[in-house]
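Asker: here's my sequence, what's the structure:
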Amino acid sequence: MDYNLAYLFVAALIPLVIGAVWYHPKVFGNAWAKAADMSEAKINSGNMLVIFGLTYVLSVMAAFIISMLVVHQGHIYSTLMNEPSLMEEGSELNLYVKDFMDKYGSNFRTFKHGAFHGFFTGLFFAMPILAVNAMFERKGFKYIAINAGYWMVSFALMGGLLCALL
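Answerer: Below is the predicted model:
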C-alpha cells in the first residue's frame, strides 16, 4: 500500500483554514471569546507565529492518526507486521496480501467514507476530551459545543481528504 506523506501535510492545513472561518467574529468568534472568557487584549497578546506553527505541527500529528482511522486497508499490515515472510517477495503471505489488496484495496476509499469516520472521531473522541477539560475549567455548554463542532468539521474534512487520496 502506497502512503504519500504529502497528503498528511496538506490535510494538516485544514484545521487552520476551518479555524480562520469558525472563530471569525461573524461566525462563532464572539460567542467563543465570551464563553472562553477571552478579552481582545488577551487574544492579541500571544505570539501568533508560534501559535499557528504549533497548531500546524499538532495538526500533522492528528492527520496521521485520522489517516489510520479512515483507511482500513492498512490494518492488514499491522496485523501481519511480525510475520517474517510478509515482505518476502513471492512468499505465500506476500502473495496473499497482494491478492487481498488487489481485490479490496479500494473498498471504502471515498471522501464520504473518510468524512463519516472523521466526524465521528470528532464526536466520540475529541468532544469527550474537550468536555472533560471544560467541566474542570468551569466552562459552559456553549464553549464545548463551539470547540467540539470545530473539531468535528475539521476531522470530517481531514478524514475525507485522506481517505480519498491515500
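Asker: which stretches of this protein have low pLDDT?
Answerer: Within the chain, the segments meeting pLDDT under 70 span 1-2.
Asker: mind running it again at 90?
Answerer: 1-4, 40, 43-44, 46, 74, 166 (pLDDT under 90).
Asker: domain parsing for it?
Answerer: 11-71+109-165, 73-107 (automatic domain parsing).
Asker: turn these into CSV, columns for mean neighbour count and distance to residue 4.
Answerer: C-beta here means a position set from N, CA and C on the backbone, and glycine is covered the same way. CSV is the format used below for these (neighbours: other C-beta atoms under 10 Å; distance: least, C-beta to C-beta, whole Å):
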stretch, mean neighbour count, distance to residue 4
domain 11-71+109-165, 17, 7
domain 73-107, 12, 13
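Asker: make a markdown table from these and add distance to residue 3 to it.
Answerer: Formatted as a markdown table, the domains of the chain follow (distance: least, C-beta to C-beta, whole Å):
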| stretch | distance to residue 3 |
| --- | --- |
| domain 11-71+109-165 | 8 |
| domain 73-107 | 8 |
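Asker: where along the chain do the helices fall?
Answerer: 5-11, 14-22, 30-35, 40-44, 48-70, 74-80, 92-104, 111-121, 127-136, 141-165 (DSSP state H).
Asker: ok, residues contacting the fourth one?
Answerer: Under the contact criterion C-beta atoms under 8 Å, 6 or more residues apart in numbering, helix 40-44 has outside partners residue 33.
Asker: kindly export it (C-alpha atoms) in CSV.
Answerer: Extracted C-alpha coordinates of helix 40-44, given in CSV (Å, rounded to 0.1, in the frame of the first residue of the first chain):
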residue,chain,number,x,y,z
GLU,A,40,-9.4,41.3,22.9
ALA,A,41,-6.2,42.2,24.7
LYS,A,42,-5.6,38.5,25.8
ILE,A,43,-6.3,37.3,22.2
ASN,A,44,-3.8,39.8,20.8
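Asker: quick revisit: take the helices of the chain and write them to TSV, including distance to residue 86.
Answerer: Compiled in TSV, the helices of the chain are given as follows (distance: least, C-beta to C-beta, whole Å):
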stretch	distance to residue 86
helix 5-11	21
helix 14-22	33
helix 30-35	48
helix 40-44	51
helix 48-70	18
helix 74-80	5
helix 92-104	6
helix 111-121	26
helix 127-136	35
helix 141-165	24
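Asker: next, find the distance separating residue 106 from residue 9.
Answerer: For residue 106, the distance to residue 9 (C-beta to C-beta, to the nearest Å) stands at 23 Å.
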